[in-house]
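**Student:** Mind folding the following:
(one chain, ligands or ions: 1)
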Amino acid sequence: MRFHTRKWIKPEDLNANGTLFGGRLLEWIDEEAALYTIIQLENRKVVTKYISEIDFRASARQGDIIEIGIDVVKFGKASLTLSCEVRNKMTRETIITISNIVMVNLGEDGKALPHGKTKIEYVSNRLNND
Ligand SMILES: CCCCCCCCCCCCCCCC(=O)SCCNC(=O)CCNC(=O)[C@H](O)C(C)(C)COP(=O)(O)OP(=O)(O)OC[C@H]1O[C@@H](n2cnc3c(N)ncnc32)[C@H](O)[C@@H]1OP(=O)(O)O
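**Tutor:** Numbering: from 1, shown residues only. Down below sits the predicted model:
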């Protein structure tokens with residue numbers, strides 16, 4: 001799993017217990033999954049279709065740095081299924097895991113459209129193919 005993004009927990013990210021607000025973390029994960037999908041499928045029109053069980057295993061506190069990891073579970077026809085792990089950068093403790101996030105590639109009409117991708121592509125590979 002590659003951990004692309006880091007976030008610094010600020011006062012506005014906290015819940016009433018003084019720990020990281022779960023809704024904020026899910027917002028960051030959704031954005032990360034969308035960006036990952038946009039880059040992999042080379043299409044700006046993608047949506048989140050389905051998110052499986054979310055296991056909050058630990059929390060984070062103000063000042064902590066967390067990192068968000070995304071991996072590909074499978075390439076479907078119009079879908080891309082991702083998994084996610086968020087961990088504390090300092091302690092390496094896992095904060096959350098999500099096994100399946102299904103993103104769907106859309107056409108101009110807003111309907112599911114096959115993306116034609118079958119494997120992860122890296123920028124360096126794309127540049128070599130140009
Ligand atoms: C380079 C940088 C650029 C930067 C650029 C910035 C832009 C930065 C903007 C980012 C922004 C992004 C967006 C953020 C994430 C939202 O916030 S998205 C908003 C929340 N999501 C939605 O509103 C989606 C609403 N749902 C829908 O519109 C329709 O259900 C959909 C997605 C079009 C799918 O319709 P459908 O009739 O179910 O389609 P269908 O063909 O049956 O299924 C399509 C695929 O989904 C799968 N699927 C369907 N239902 C399920 C299910 N329940 N469970 C699992 N899989 C399912 C199917 O198996 C199928 O997979 P494939 O076999 O094709 O691989």
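
**Student:** Can you give me the buried ones in stretch 9-17?
**Tutor:** The neighbour-count criterion (16 or more other Cβ atoms under 10 Å) identifies 9, 13-14 as the buried residues of stretch 9-17. Every residue, glycine included, has its C-beta placed from N, CA and C.

**Student:** Quickly name whichever of those is closest to the ligand.
**Tutor:** When the buried residues of stretch 9-17 are compared for distance to the ligand (Cβ to the nearest ligand atom), Asp13 wins out at 19.1 Å.

**Student:** Not counting residues beside it along the chain, what's closest to that closest one?
**Tutor:** Excluding the flanking residues, the one nearest Asp13 by Cβ to Cβ, 6 or more residues apart in numbering is Arg24, at 4.8 Å.

**Student:** Whether whichever helix or strand the one you found is part of contacts the ligand - can you check?
**Tutor:** Secondary structure from DSSP states H and E places Arg24 in helix 22-41. Yes: shown here: helix 22-41 in contact with the ligand (Cβ under 6 Å from any ligand atom) through 30, 34, 38-39.

**Student:** same for that helix, what does it pack against?
**Tutor:** Applying 3 or more Cβ pairs under 8 Å, 6 or more residues apart in numbering; DSSP states H and E, one finds that helix 22-41 makes contact with strand 2-8, strand 46-51, strand 65-75, strand 79-88, strand 94-105.

**Student:** What's the mean pLDDT across stretch 98-115?
**Tutor:** For stretch 98-115, the mean per-residue pLDDT is 98.

**Student:** how far is that stretch from where the chain is centred?
**Tutor:** Centroid separation for stretch 98-115 versus its chain: 14 Å, with Cα atoms, centre = their mean, to the nearest Å.

**Student:** mind putting the helices and strands packed on helix 22-41 in JSON lines, distance to the ligand and mean neighbour count included?
**Tutor:** What follows is those, written out as JSON lines (distance: least, Cβ to the nearest ligand atom, whole Å; neighbours: other Cβ atoms under 10 Å):
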{"stretch": "strand 2-8", "distance to the ligand": "13", "mean neighbour count": "14"}
{"stretch": "strand 46-51", "distance to the ligand": "4", "mean neighbour count": "16"}
{"stretch": "strand 65-75", "distance to the ligand": "8", "mean neighbour count": "17"}
{"stretch": "strand 79-88", "distance to the ligand": "3", "mean neighbour count": "21"}
{"stretch": "strand 94-105", "distance to the ligand": "4", "mean neighbour count": "20"}
